[in-house]
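**Q** Let's see this in three dimensions:
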Amino acid sequence: MPMIPRFHLAVPVDDLDKARHFYGELIGCAQGRSSDSWIDWNLHGHQFVTHLAPARPERVHNPVDGHDVPVPHFGLILTIPEFHELADRFRAASTAFVIDPYLRFEGLPGEQWTMFLLDPAGNALEFKAFADDAQVFAAD
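**A** Purely as a prediction, here's the structure:
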């Protein structure tokens, strides 16, 4: 499989220590360079940066499968075992889910586990895992 280009994403946070705990300890991202106002993270090979920015934009939600999906959001596509391991870590840490882990499209193209939560600064994250990774971009 060819290497997928890495992405760079920067998000605002209002507390770098809370970001350090959430992304470093709970999610397990390795910390890279940092300053008093930002931290670089290795998010499964992608450069993810948390920037200190106390002001938050208004939240928007879109209806999907009877849930209010927060927009914008970002996350990772994991293997099914990684997905359930991370969900268990979130539960053990008493992390509140915006949308609890559940199975979408069961038995259909694109079958996937998904969960939504907020980081301590209110950034929305979605983690998902496909039954068949070849179905990530399935249209039908």
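**Q** Please name the spatially closest residue to Gly75 (chain neighbours excluded).
**A** Leaving aside its chain neighbours, Gly75 sits nearest to Glu126 (4.0 Å; criterion: C-beta to C-beta, 6 or more residues apart in numbering). For glycine as for every other residue, the C-beta is placed from the backbone atoms N, C-alpha and C.
**Q** before we move on, what SS does that neighbour have?
**A** Secondary structure, DSSP: H, G, I helix; E, B strand; the rest coil: Glu126 is strand.
**Q** which residue ranges form the strands in the protein?
**A** Under the criterion DSSP state E, the chain contains strands at 8-13, 30-34, 38-43, 46-52, 60-64, 67-71, 73-78, 97-104, 112-118, 124-130.
**Q** Make JSON lines from these and add distance to Phe137 to it.
**A** Shown next, in JSON lines, are the strands of the chain (distance: least, C-beta to C-beta, whole Å):
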{"stretch": "strand 8-13", "distance to Phe137": "20"}
{"stretch": "strand 30-34", "distance to Phe137": "28"}
{"stretch": "strand 38-43", "distance to Phe137": "21"}
{"stretch": "strand 46-52", "distance to Phe137": "18"}
{"stretch": "strand 60-64", "distance to Phe137": "17"}
{"stretch": "strand 67-71", "distance to Phe137": "19"}
{"stretch": "strand 73-78", "distance to Phe137": "11"}
{"stretch": "strand 97-104", "distance to Phe137": "15"}
{"stretch": "strand 112-118", "distance to Phe137": "12"}
{"stretch": "strand 124-130", "distance to Phe137": "10"}
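**Q** returning to what we had before: so for the residue nearest to Gly75, what's the pLDDT?
**A** Glu126 is assigned 96 on the pLDDT scale.
**Q** now the one 4 residues further on
**A** Confidence per residue is given as pLDDT, and for Phe130 that number is 95.
**Q** and it, how many neighbours?
**A** 22 (other C-beta atoms under 10 Å).
**Q** low pLDDT regions in this structure?
**A** Flagging of the chain using pLDDT under 70 yields the residue ranges 1-2, 57, 140.
**Q** Against Phe97, how distant is the residue positioned nearest the centre of it?
**A** For the chain, the residue nearest the mean C-alpha position is Gly75 (2.9 Å; C-alpha atoms, centre = their mean). According to C-beta to C-beta, to the nearest Å, Gly75 and Phe97 sit 13 Å apart.
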